[in-house]
Structure formats: structure tokens, C-alpha cells
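# show me how the following folds:
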Amino acid sequence: MPIELWTWDTPNGRKISVALEEMGLAYTVRPVNIGQGEQFRPEFLAISPNNRIPAIVDPDGPGGAPITVFESGAILLYLGRKSGKFLPEDLRAQVPVLEWLMWQVGGFGPMPGQVHHFLQIENETDRRYGLERYSKETRRLYGVADRRLGEVPFFAGAEVSIADFAILGWVWRHERHRVDLAEFANVQRWFRTMMARPATARGFAVALR
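Got it, this is the predicted structure:
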């Protein structure tokens, strides 16, 4: 039976649709319209108690029993282990995957997410401080990514990993962050490489709403 992907068309939602396509796992989309408050419905809270998308239901979980997973980072780790793809078993090779996955979850997501928020505030006085603060931090994070990708082709090294899927979901929104990728040549090269992958393209093309 296919995995149920409960999601919406957001950076965190796209991380998982891309990963599922890249891993070749069968799935169905269960849209959760966060603009209409559907994330607070009891049936969604039952699988995502933090009322945030995405979440998954895998009918064929460990031991053949169903399992639910919420939080995009946890979902990527689960799918990587389930599929045996994009998450090395060797601990030394796995460490950079975990490092860059946590870098995204802890910073490169929350920070540009705040940029999205403050851009919508109409009052200039209320908007200015937050927008300057979070835009500066977002650009710093793009700089961190650019330095890393000046050393290796992908975030964890020579091969694509779940860390790339996690980060890609947010770089996909670089224009909304008011970031010109031409200023970060290594990120731009990586972004174009990732978006040219057929499975990644399918992950962005699938309807999530």
C-alpha cells in the first residue's frame, strides 16, 4: 500500500515529495490546506500533534505494522532508512548527512521563514527590524551553504543525500527570500544540478494542494 503524504505546497512539503520520488516509493497526497486551518483538524492532529505539515502514514511500517511520522527531518530519516537510499549506513559517511540535515531544520528554514512573515507586514515600523534581522541571517546561511558547496558537489559530499532534499525545498524559494543566487555561485550550480534531476522535477511538479 502507498504511503500517505499529508502536506501542502510549502518548502517543507516539497522536501518530502522530492524524497519520495527520488526513492521510488509509492505514495498518495492528502492535501492539508493550512490557509483554511485544516492542520488543526482532529484527523491531522492524530498524526501530527504539532499541527504542522508534512506528516506521513506508512501502512507498511516496521514489522509490517502501520506507522505515522511527523516533522520533515524525521520523515526524511525514516524514508532514507526504509528505502536504503540517500542515507549511508556507514557512520562516518552518515555524519555529514545528519549535520547538514540538522543545519537546515534548525536554521535554514526557520530564518527564511521569518523573512516570509515580515515581508507580509504592512506597517513599515513593525516590519523593518524583523526583516533586517532575519534577512541578514538568511544571507549568512546562504553564505555558509556556498562555502560548503565550493568544497563538495553536494552537501554531504560526493553523493546526493536526504540533506540535499531538505535544503532544496528552501532554496526553491530563494526569490521570496529576496536572494539572487547569482551572488552565491556554488549554491546556484548545485540548485540547477538538483532541479535537473528527473525525479526531483517530478517531486516539484506533483500537486500538493
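# where along this structure do the helices fall?
Counting by DSSP state H, the chain has helices at residues 11-23, 42-45, 72-83, 91-106, 110-119, 124-149, 162-171, 185-195, 198-205.
# can you say which of those is packed in most?
Each of the helices of the chain was scored by mean neighbour count; the highest is helix 162-171, a mean of 28, by mean count of other Cβ atoms under 10 Å. Just so you know, the C-beta spots here come from the backbone N, C-alpha and C atoms, and that holds for glycine as well.
# roughly how far out does that one sit from the chain middle?
How far helix 162-171 lies from its chain's middle: 5 Å, per Cα atoms, centre = their mean, to the nearest Å.
# who does that helix touch, helix- and strand-wise?
Secondary-structure packing of helix 162-171 (3 or more Cβ pairs under 8 Å, 6 or more residues apart in numbering; DSSP states H and E): helix 11-23, helix 72-83, helix 91-106, helix 185-195.
# rebuild the helices of the chain as a markdown table, extending it with mean pLDDT.
Below are those laid out as a markdown table (pLDDT from 0 to 100):
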| stretch | mean pLDDT |
| --- | --- |
| helix 11-23 | 98 |
| helix 42-45 | 98 |
| helix 72-83 | 98 |
| helix 91-106 | 98 |
| helix 110-119 | 92 |
| helix 124-149 | 94 |
| helix 162-171 | 98 |
| helix 185-195 | 98 |
| helix 198-205 | 98 |
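# with distance to F155 as added columns, please give those in TSV.
TSV is the format used below for the helices of the chain (distance: least, Cβ to Cβ, whole Å):
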stretch	distance to F155
helix 11-23	13
helix 42-45	31
helix 72-83	13
helix 91-106	4
helix 110-119	16
helix 124-149	6
helix 162-171	5
helix 185-195	8
helix 198-205	14
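# care to break the chain down by domain?
Domains of the chain are assigned by automatic domain parsing as 3-86+200-205, 91-197.
# about what we covered before: quick one: the helices and strands packed on helix 162-171 as JSON lines, columns for distance to D60 too.
Formatted as JSON lines, those follow (distance: least, Cβ to Cβ, whole Å):
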{"stretch": "helix 11-23", "distance to D60": "14"}
{"stretch": "helix 72-83", "distance to D60": "9"}
{"stretch": "helix 91-106", "distance to D60": "24"}
{"stretch": "helix 185-195", "distance to D60": "28"}
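# of the ones you listed, give the one that comes closest to I47.
helix 72-83 (11.1 Å; Cβ to Cβ).
# list the helices and strands that closest one packs on?
Applying 3+ Cβ pairs under 8 Å, 6+ apart, one finds that helix 72-83 makes contact with helix 11-23, strand 55-58, strand 67-70, helix 91-106, helix 162-171.
# out of the ones you listed, flag the one nearest E43.
Nearest of these to E43, taken as Cβ to Cβ: strand 55-58 at 10.6 Å.
# how far is the closest one from where the chain is centred?
16 Å.
# what's the answer for stretch 156-174, then?
Taking mean C-alpha positions (Cα atoms, centre = their mean), stretch 156-174 and its chain are 8 Å apart.
# kindly report the same for stretch 139-153.
Stretch 139-153 sits 17 Å away from the centroid of its parent chain (Cα atoms, centre = their mean).
# what of stretch 155-175?
Remark: stretch 155-175 is offset 8 Å from the chain centroid, using Cα atoms, centre = their mean.
# I'm done for today, thanks for sticking with me.
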